[in-house]
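Q: need a 3D model of the following:
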Amino acid sequence: MRREVRALLHVLLGAAVLHISLFSELYLRYVRKELRPYLIASGLLLVVVGLVGAAVAAQELLRPGRRTGAEDGHDHGHGAPRTAWLLLLPVLAIYLLQPRALGAFTAQHSDSTAAEPADPAGGFGPLPANGPVALRLADFDARAVWDTSGSLKGRQVRLTGFATPGPGGGSWYLTRLTITCCAADAQTSKVEVHDVDAPPEGTWVEVTGTWQPDGRSGAVPALAADRVRRIAEPGDPYE
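A: Okay, the predicted model is just below:
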């Protein structure tokens, strides 16, 4: 691969990273918002590397007495592996395809996880006195499984996620994906919703209801729903 082509690929890739991290929120489909500064720095570095490479290539082309590969019997285009062209794939994906965030398909093919609190011995903090209490789905699952004080008992909560079908098609889950760093480490949080009909699979909803300590599916916490409201997909789809 010629040096000027490699430089162009670096510039295009850097510009694509800057496009999703500076001028839109597309980066939230791939990583947590805390990583935005690192994406911006990486994009700028790629652009600078590409521009420097282009400048060096231009100097070589303009150098007096420069001999071409055909004249000196050597091919100067074999210095980089063919795999360097793979740099073009993320550029095309960002500009042309714009992949969607992970959603219902991923959730259905992964196990539900109720994260243990960072300090199990310290317990959970008290919930606000007035309800319904807005909770992250992962936090609701953790309290339902690990909180021995029963802070959820009798409390009305408000949870946000997307609908996925339950086992056998007779129930449905409110589901949310949680990422630690990027979409590759996504974990699934689920709540089995009772007393209301299931929305279409993948529909984003806000569910208000009360925790049921004895859910039918055992491992997945259950919620007796009082209200289900359809909402637009959040700008940041992960918790």
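Q: now the element after the helix or strand bottoming out on mean pLDDT in the chain, going C-ward?
A: Lowest on mean pLDDT, DSSP states H and E among the helices and strands of the chain sits helix 69-72, with a mean of 49. Using DSSP states H and E, the next helix or strand after helix 69-72 towards the C-terminus is helix 88-92.
Q: now do that following helix: everything it contacts.
A: Applying CB atoms under 8 Å, 6 or more residues apart in numbering, the contact partners of helix 88-92 are L9, L12, L13, A16. C-beta: built from backbone N, CA, C; applies to glycine.
Q: do stretch 18-29 as well
A: 30, 35-36, 39-40, 43-44, 47, 94-95, 98-101, 183, 235-238.
Q: rewinding a little: turn the contacts of helix 88-92 into TSV, columns for secondary structure and neighbour count.
A: Formatted as TSV, these follow (DSSP: H, G, I helix; E, B strand; the rest coil; neighbours: other CB atoms under 10 Å):
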residue	secondary structure	neighbour count
L9	helix	21
L12	helix	20
L13	helix	22
A16	helix	20
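Q: least confident pick among those residues?
A: Ranked by pLDDT, the contacts of helix 88-92 bottom out at L9 (85).
Q: returning to what we had before: which of the contacts of stretch 18-29 are buried?
A: Y30, L35, R36, L39, G43, V47, I94, A101, A183, P237, Y238 (16 or more other CB atoms under 10 Å).
Q: contacts only, for the closest residue to the last one other than its chain neighbours.
A: Same thing as Y238. Closest residue to Y238 apart from its sequence neighbours, by CB to CB, 6 or more residues apart in numbering: I179 at 4.6 Å. Counting by CB under 8 Å, 6+ apart, I179 makes contact with V31, R32, D185, A186, Q187, Y238, E239.
Q: report pLDDT for I179.
A: 86.
Q: same thing with T164?
A: 92.
Q: quick check: it is in a strand.
A: Yes - judged by DSSP: H, G, I helix; E, B strand; the rest coil, T164 forms part of a strand.
Q: so, low pLDDT: which residues of this protein?
A: The chain contains residues with pLDDT under 70 at 1, 65-84, 87, 98-99, 109, 111-123, 168-170, 215-218.
Q: tell me how many other residues surround the residue nearest to A225 when sequence neighbours are not counted.
A: Counting by CB to CB, 6+ apart, G209 is the residue found nearest to A225 once chain neighbours are left out, at 4.0 Å. By the measure other CB atoms under 10 Å, the count of residues near G209 is 23.
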